[in-house]
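1. structural data only, the sequence is not supplied:
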Ligand SMILES: CC(C)(COP(=O)(O)OP(=O)(O)OC[C@H]1O[C@@H](n2cnc3c(N)ncnc32)[C@H](O)[C@@H]1OP(=O)(O)O)[C@@H](O)C(=O)NCCC(=O)NCCS
């Protein structure tokens, strides 16, 4: 009985934290997502867009790492679902000064360019402002990531600066663009 009550409580907590849009919904990650997220983290193309090296640790080491991170109250991780399956991952992190940073990826290449990230970012911004009471959501991307820049612009982010980042993918330095969306 206690087990069943706990299960009910978990489902209830997940419902509360699920953000629903027209095409996508964002929900907390579950253990069954580990292999999908691991597959995305091993994808060299996704790693390059994030300025990171593809994950090289074993699935079991990655599982421990993910489960810890997904429980960390300082990082809010969401699985993006569309077409009845997980299609990407979004995080809100670096909570400080009344704001946070947003990161996002759509895993399968064939599902990019369908508007999923745009809808997910809008849901996350509303969540950050209305549910978390934040005043600003920050984001950054490689300057040559035209798709991500377009997503920020479509979601009302302003370009607030530029810099450079040493990519751990190929140890080269790339131009980076910073964005902010302020609550009005
Ligand atoms: C970047 C990313 C999150 C965007 O998600 P998405 O679901 O593909 O984005 P959307 O479909 O919502 O919007 C993409 C926009 O970019 C536009 N676009 C696509 N390719 C483009 C290009 N080469 N140049 C300019 N704009 C481009 C699309 O036309 C669309 O804009 P529109 O609605 O005005 O037509 C996704 O493509 C992705 O995960 N890429 C790999 C990982 C990554 O780059 N993550 C971000 C790291 S900061």
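-> Sure, I can see it. Every value quoted in this text rests on a predicted model; they were computed, and no experiment measured them. Numbers count the residues shown, from 1 in each chain.
2. just the pLDDT at residue 15, thanks.
-> Note on residue 15: pLDDT of 63.
3. any idea where the strands of the chain begin and end?
-> 19-20, 25-27, 76-82, 85-96, 99-106, 136-142, 158-166, 173-182 (DSSP state E).
4. quick one: mean pLDDT over the shortest one.
-> On average, the pLDDT along strand 19-20 is 97.
5. what does that strand rub up against?
-> For strand 19-20, the external contacting residues (Cβ atoms under 8 Å, 6 or more residues apart in numbering) are 25, 26, 27, 78, 123, 124, 126, 127. The way it works is simple: take the backbone N, C-alpha and C, and place the C-beta from them, glycine included.
6. contacts only, for the last one.
-> Same thing as residue 127. So residue 127 contacts 19, 92 (Cβ under 8 Å, 6+ apart).
7. try it again with 7 Å
-> Residues near residue 127 by Cβ atoms under 7 Å, 6 or more residues apart in numbering: residue 19.
8. burial count for residue 84?
-> As a burial measure, residue 84 scores 6 neighbours (other Cβ atoms under 10 Å).
9. again with residue 179
-> Residue 179: 22 surrounding residues under other Cβ under 10 Å.
10. grab the nearest non-local neighbour of it.
-> Spatially, and ignoring its direct neighbours in sequence, residue 179 is nearest to residue 157 (3.9 Å; Cβ to Cβ, 6 or more residues apart in numbering).
11. can you check residue 109 too?
-> residue 45 (7.3 Å).
12. you'd agree residue 93 is up against residue 100?
-> Yes: applying Cβ atoms under 7 Å as the test, residue 93 and residue 100 come out as touching, 6.4 Å apart.
13. who has more neighbours out of those two?
-> Under the criterion of other Cβ under 10 Å, the comparison of residue 93 against residue 100 puts residue 100 first, with 22 against 14.
14. identify the bridge partners of the more buried one.
-> Assessed by DSSP bridges, residue 100 has beta-bridge partners residue 137.
15. same list (the strands of the chain) but as JSON lines, adding distance to the ligand.
-> As requested, the strands of the chain are exported to JSON lines (distance: least, Cβ to the nearest ligand atom, whole Å):
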{"stretch": "strand 19-20", "distance to the ligand": "16"}
{"stretch": "strand 25-27", "distance to the ligand": "13"}
{"stretch": "strand 76-82", "distance to the ligand": "9"}
{"stretch": "strand 85-96", "distance to the ligand": "6"}
{"stretch": "strand 99-106", "distance to the ligand": "4"}
{"stretch": "strand 136-142", "distance to the ligand": "4"}
{"stretch": "strand 158-166", "distance to the ligand": "10"}
{"stretch": "strand 173-182", "distance to the ligand": "9"}
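16. quick one, which of those strands is nearest to residue 118?
-> Residue 118 lies closest to strand 99-106 among the strands of the chain, at 10.0 Å (Cβ to Cβ).
17. packing partners of the closest one?
-> strand 85-96, helix 116-126, strand 136-142 (3 or more Cβ pairs under 7 Å, 6 or more residues apart in numbering; DSSP states H and E).
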